[in-house]
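Novice: no sequence on hand, only this structure:
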Ligand SMILES: O=C(O)C(=O)C[C@]1(C(=O)O)C=C[C@@H](O)C=C1
């Protein structure tokens with residue numbers, strides 16, 4: 001196996017990848033952005049890609065949500081959670097916060113440190129970097145493009161960067177969720193604590209259309225753990241929904257919800273069922289259990305057999 005990931009080395013995405021069994025000894029290919037990492041999988045240059053999808057403070061990572069919703073189909077095979085803490089690393093010659101005029105980091109990291117930055121370096125101009133590690137590595141250049149970078153403590157330590165302040169995040173205990181993506185293939189076996197990800201286009205723009213889709217989950221006792229709307233990019237006001245549900249397609253109630261959704265929105269995209277990184281086994285009412293579904297199906301069949 002070889003793995004593409006949002007690079008360069010030292011990103012939080014690489015920390016997530018290193019949690020995948022075997023990845024530490026496998027070939028790891030840094031990509032300059034999420035689209036490049038996913039294209040490498042689509043084109044066969046990588047077997048899998050690790051990309052960020054959701055942060056507990058900043059919400060969904062739009063680049064990933066959009067890239068997996070369109071283009072050739074991909075499949076999520078696992079998810080990894082990484083606790084997030086940031087340090088403020090500076091270029092040589094910077095000894096105080098007042099000297100910082102230019103700062104860089106990944107947009108998602110900046111959003112997680114905005115209040116700290118407003119209070120402590122109010123005059124500093126922000127330039128987005130392709131990742132936290134890319135912003136930090138630029139500090140090593142002969143003539144760095146910025147005075148400071150917000151990055152992981154690990155990359156600062158590994159590169160021997162000068163850290164002026166640690167723990168600059170606004171929310172202690174933040175977590176980012178990453179997904180491991182492959183070309184469509186076998187779906188991981190259910191573990192009892194699983195998630196499934198779907199892309200749901202609204203079949204038509206009319207009152208109650210979203211409600212009808214959501215009812216498919218409610219009626220089968222399927223819990224949603226994330227729902228986000230994203231523009232399709234085609235015209236103003238045209239959106240699709242990116243949804244995570246608790247449960248595995250091998251479970252009857254999930255399969256029944258999917259089949260109802262497919263009738264309402266035939267262009268829906270199933271992005272995979274995979275083990276949840278945390279959580280409890282979904283509590284399923286007796287009437288939504290696999291046994292209740294098979295019994296009901298057998299009963300209806302017995303009636304249809306008499307036709
Ligand atoms: O820049 C990195 O190090 C990343 O792995 C990307 C990313 C993200 O996209 O959210 C990952 C974790 C942090 O929340 C900040 C940035």
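Specialist: On my side now, so go ahead. Predicted model, so just to flag it, every value in this text is computed and none were measured.
Novice: roughly how far out does the one helix or strand residue 260 maps to sit from the chain middle?
Specialist: Residue 260 is part of helix 252-264, with elements assigned from DSSP states H and E. When distances are taken as CA atoms, centre = their mean, to the nearest Å, helix 252-264 is centred 24 Å away from the chain's centroid.
Novice: next one: stretch 92-100
Specialist: Centroid displacement of stretch 92-100 relative to its chain, using CA atoms, centre = their mean, is 35 Å.
Novice: and the residue nearest the centre of the chain, what does it touch?
Specialist: In the chain, the residue lying closest to the centroid (CA atoms, centre = their mean) is residue 53, at 1.4 Å. For residue 53, the contacting residues are 60-61, 64-65, 79, 177-179, taking CB atoms under 8 Å, 6 or more residues apart in numbering as the criterion. In this view, the C-beta of every residue, glycine as well, is placed from N, C-alpha and C.
Novice: which of these are close to the ligand?
Specialist: Intersecting the contacts of residue 53 with the contacts of the ligand gives residue 61 (criterion: CB under 6 Å from any ligand atom).
Novice: in helices only, show me the contacts of residue 53.
Specialist: With DSSP state H as the criterion, helices contain 64-65 from among those.
Novice: how far does the one helix or strand residue 108 maps to sit from its chain's centre?
Specialist: Using DSSP H and E, residue 108 sits in helix 107-120. Averaging C-alpha coordinates over helix 107-120 and over its chain gives two centres that are 21 Å apart (CA atoms, centre = their mean).
Novice: residue 298: neighbouring residues, count only.
Specialist: Close neighbours of residue 298, defined as other CB atoms under 10 Å, add up to 9.
Novice: contact residues of this structure facing the ligand?
Specialist: With the criterion set to CB under 6 Å from any ligand atom, the chain comes near the ligand through 6, 11-13, 52, 55, 61, 84, 106, 108-109, 131-133, 176.
Novice: quick one: which of these is most hemmed in?
Specialist: Neighbour counts for these were taken using other CB under 10 Å; the highest belongs to residue 6, with 31 neighbours.
Novice: so what's the backbone phi/psi at the spatially closest residue to it that is not a sequence neighbour?
Specialist: The shortest distance from residue 6 to any residue that is not its chain neighbour, by CB to CB, 6 or more residues apart in numbering, is 4.1 Å, and that residue is residue 13. When quoted as degrees, to the nearest 10, the phi and psi of residue 13 stand at phi -60, psi -40.
Novice: picking that back up, just the residues of the chain next to the ligand now: which is nearest residue 166?
Specialist: When those are compared for distance to residue 166 (CB to CB), residue 84 comes out closest, at 13.1 Å.
Novice: report the contact partners of the nearest residue to the closest one once chain neighbours are set aside.
Specialist: Counting by CB to CB, 6+ apart, residue 84 lies nearest to residue 174, which is 4.4 Å off, once chain neighbours are set aside. With contact taken as CB under 8 Å, 6+ apart, residue 174 is in contact with 55-57, 83-85, 112.
Novice: my read is that residue 107 contacts residue 126, right?
Specialist: No. No contact is recorded between residue 107 and residue 126 when judged using CB atoms under 8 Å, the distance being 9.0 Å.
Novice: ok, back up a step: now do the SS call for the residue nearest to the centre of the chain.
Specialist: Classification of residue 53 using DSSP: H, G, I helix; E, B strand; the rest coil returns strand.
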